[in-house]
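**Q** mind folding the following:
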Amino acid sequence: MRRASQASLDPTACCFTDILDIWGDGPRAKCFLNSLGSYEEKLQSAWLLPCFDSAYCCQHNQFCCYTGSSERFRVQGPPCVDWSPAGSQQGIHGEQLPTMLASGAKTRVTGSQLVGLENVRQLPGHVVQDAFGPGFEFFDAILSPDQVGFEFMSRERAYFAGVFKEKATWSSDPGFVLQHALHHLQREATPKYGPSVLLCGSPDDIREDNFNLACHRAHLKGTTLSQRMKLPFDHLLNFNERERLKMYIWKFHNHNSDRNLCNFADLACHLGDDPRTGWTTWSATSHAMPTLRRSSGLIACPNSQRQFLLKELYCGMGFATWPFLAHTSKVPMFEVSRPGVWTYPQARQALGNAQHVACVGTFMACALVSSSPIWT
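**A** Just a heads-up that it's a prediction; the model follows:
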């Protein structure tokens, strides 16, 4: 996402790289903290590490100061691998704990009035409080896209918002404000939308995505550029993916569960997982898109005989990837295809790490209107 941000930000805005740089030599600091035995030792040592007020900025190709502007709020998303059920599940003993502690250190250095943080729901609130310190007062909530009008997406996450008590205070109850907002955001449409609502790519969009995908598929290395432009969907899939898709379709038509299945038109199948071994990741029972992951396979729509386009998946995550969406939302259009900025695989990886725009936007908007600066 840094590559995308760097291409979208105002030229005067900074774009830093590793948050661990708050301690100067980030990799060395991380290695040192991970070498310590207990959580308490790591926490205490992180607070004693000297912090730096500048780091290398990709936008300006030089060292820039973190505190160069008056910062009202910041939003962070430390790695979730230590807490995620699909990750290491090492918790406070995981390798990424220093990144969480660095998030708190950097926020204290910048003196942000308000900080927002997103992670998997398994992240304990006390770890966030420990990382940022007693100078922050936190409010947290569990949000999923279906609460903000995206019922066809799966992305339940924990969100935390904290005021820096030296500079701001909660002037309203953020929990009440959030519930009020969610009440008004709930759609009453019946039936609810399924994943097929995302299938809005034009024939040109489909050809572009097929071409970009074909250029990075190992089993298609011998094909010419002109051939890649015309490949049918089943040729884009490797042998394992074709077999998995067949099994998904067989399971759908022979499903014996009491749960209501989605319409076949809304069936979305994650081809990175193998239903032949019992790992069935699909929309059949959830009626929502399988969770997007950083190391993610293709998501197929058997009814339309094609994959969900990268542009469509970003759209499902709340990015305005078409002009009409950007116009309606009054935001710049998000360009998924950015030659020279990032490659197609990098764009797919970034999507797996992305926060859901509508969720984090709603949460942070409620936190902002609930907080007030302390004037001195």
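**Q** use CA for all of it now, contacts and neighbours both
**A** Noted.
**Q** mean confidence for stretch 279-294?
**A** Mean per-residue pLDDT for stretch 279-294: 89.
**Q** for that stretch, which positions count as buried?
**A** Buried residues in stretch 279-294, counted by 16 or more other CA atoms under 10 Å: 280-284, 286-290, 292-293.
**Q** what about the stretch 51-200 of the chain, any weak spots by pLDDT?
**A** 68-71, 188-191 (pLDDT under 70).
**Q** mind listing the helices for it?
**A** 97-110, 125-132, 174-185 (DSSP state H, counting those that start in this stretch).
**Q** deepest-packed of the ones you listed, please.
**A** Ranked by mean neighbour count under mean count of other CA atoms under 10 Å, the helices of the stretch 51-200 of the chain are led by helix 97-110, which reaches a mean of 22.
**Q** so residue 355 sits against residue 118, correct?
**A** Yes - counting by CA atoms under 8 Å, residue 355 sits close enough to residue 118 to count as a contact (7.4 Å).
**Q** ok, those two, which is more surrounded?
**A** When residue 355 and residue 118 are compared for neighbours, residue 118 comes out ahead with 24 against 19, by other CA atoms under 10 Å.
**Q** how close does the more buried one get to residue 161?
**A** For residue 118, the distance to residue 161 (CA to CA, to the nearest Å) stands at 9 Å.
**Q** ditto for residue 368
**A** Residue 368 is 9 Å from residue 161, by CA to CA.
**Q** mutual contacts of the two, please.
**A** residue 114 (CA atoms under 8 Å, 6 or more residues apart in numbering).
**Q** more crowded one of these two?
**A** Remark: of residue 368 and residue 161, residue 161 carries more neighbours, 24 against 21, as counted by other CA under 10 Å.
**Q** what helix or strand is residue 250 on?
**A** Using DSSP states H and E, the element containing residue 250 is helix 239-253.
**Q** what mean pLDDT does that helix get?
**A** Helix 239-253 comes out at a mean pLDDT of 95.
**Q** tell me what residue 73 is bridged to.
**A** In this entry, residue 73 is beta-bridged to residue 114, by DSSP bridges.
**Q** what sits against it?
**A** With CA under 8 Å, 6+ apart, residue 73 has these contacts: 112-116.
**Q** any idea which of those residues has the most stuff around it?
**A** residue 114 (28 neighbours).
**Q** hmm, it is touching residue 104, no?
**A** No - if you go by CA under 8 Å, residue 114 and residue 104 don't touch, sitting 11.9 Å apart.
**Q** which residue is the nearest non-sequential neighbour of residue 128?
**A** Leaving aside its chain neighbours, residue 128 sits nearest to residue 100 (7.6 Å; criterion: CA to CA, 6 or more residues apart in numbering).
**Q** tell me how far the one you found lies from residue 307.
**A** The value you get for residue 100 to residue 307, if CA to CA is used, is 35 Å.
**Q** repeat for residue 341
**A** Taken as CA to CA, the span from residue 341 to residue 307 is 24 Å.
**Q** so those two - more neighbours on which side?
**A** Each of residue 341 and residue 307 has its neighbours counted (other CA under 10 Å); residue 307 has more, 24 against 14.
**Q** secondary structure class for the residue nearest to the more buried one when sequence neighbours are not counted?
**A** Among residues not flanking residue 307 along the chain, residue 300 sits closest, at 4.2 Å (CA to CA, 6+ apart). Assigned with DSSP: H, G, I helix; E, B strand; the rest coil, residue 300 falls in the strand class.
**Q** identify the bridge partners of residue 300.
**A** Beta-bridge partners, per DSSP bridges, of residue 300: residue 269, residue 307.
**Q** I figured it hits residue 273, correct?
**A** No - counting by CA under 8 Å, residue 300 stays clear of residue 273, with 11.8 Å between them.
**Q** do I have it right that residue 165 meets residue 136?
**A** Yes - with contact defined as CA under 8 Å, residue 165 counts as touching residue 136 (5.7 Å).
**Q** more crowded one of the two?
**A** Shown here are residue 165 and residue 136; by other CA under 10 Å, residue 136 has more neighbours (25 against 16).
**Q** excluding chain neighbours, what is closest to that one?
**A** Using CA to CA, 6+ apart, the closest residue to residue 136 is residue 164 (4.7 Å).
**Q** what's the spacing between the one you found and residue 310?
**A** Noted for residue 164: a distance of 38 Å to residue 310, by CA to CA.
**Q** which residues touch the residue lying closest to residue 281 once chain neighbours are set aside?
**A** Once flanking residues are discounted, residue 281 sits nearest to residue 270: 5.5 Å by CA to CA, 6+ apart. Contacts here follow CA under 8 Å, 6+ apart; on that basis residue 270 touches 280-282, 290, 297-300.
**Q** now those residues as TSV including distance to residue 30?
**A** Output for the contacts of residue 270, formatted as TSV (distance: CA to CA, whole Å):
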residue	distance to residue 30
280	36
281	34
282	37
290	33
297	30
298	34
299	35
300	39
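**Q** and which of those residues is nearest to residue 363?
**A** Of all these, residue 363 sits closest to residue 290, with 22.8 Å by CA to CA.
**Q** for the residue nearest to the closest one when sequence neighbours are not counted, give its distance to residue 250.
**A** Nearest non-adjacent residue to residue 290, counting by CA to CA, 6+ apart: residue 282, 5.5 Å away. Distance of residue 282 to residue 250, given as CA to CA: 13 Å.
**Q** so what sits against both of these two?
**A** The contact sets of residue 282 and residue 250 do not overlap (CA under 8 Å, 6+ apart).
**Q** thought residue 51 was touching residue 24?
**A** Yes - taking contacts as CA under 8 Å, residue 51 lies within contact range of residue 24: 7.1 Å.
**Q** residue 351: neighbour count?
**A** Neighbourhood size, residue 351 [other CA under 10 Å]: 22.
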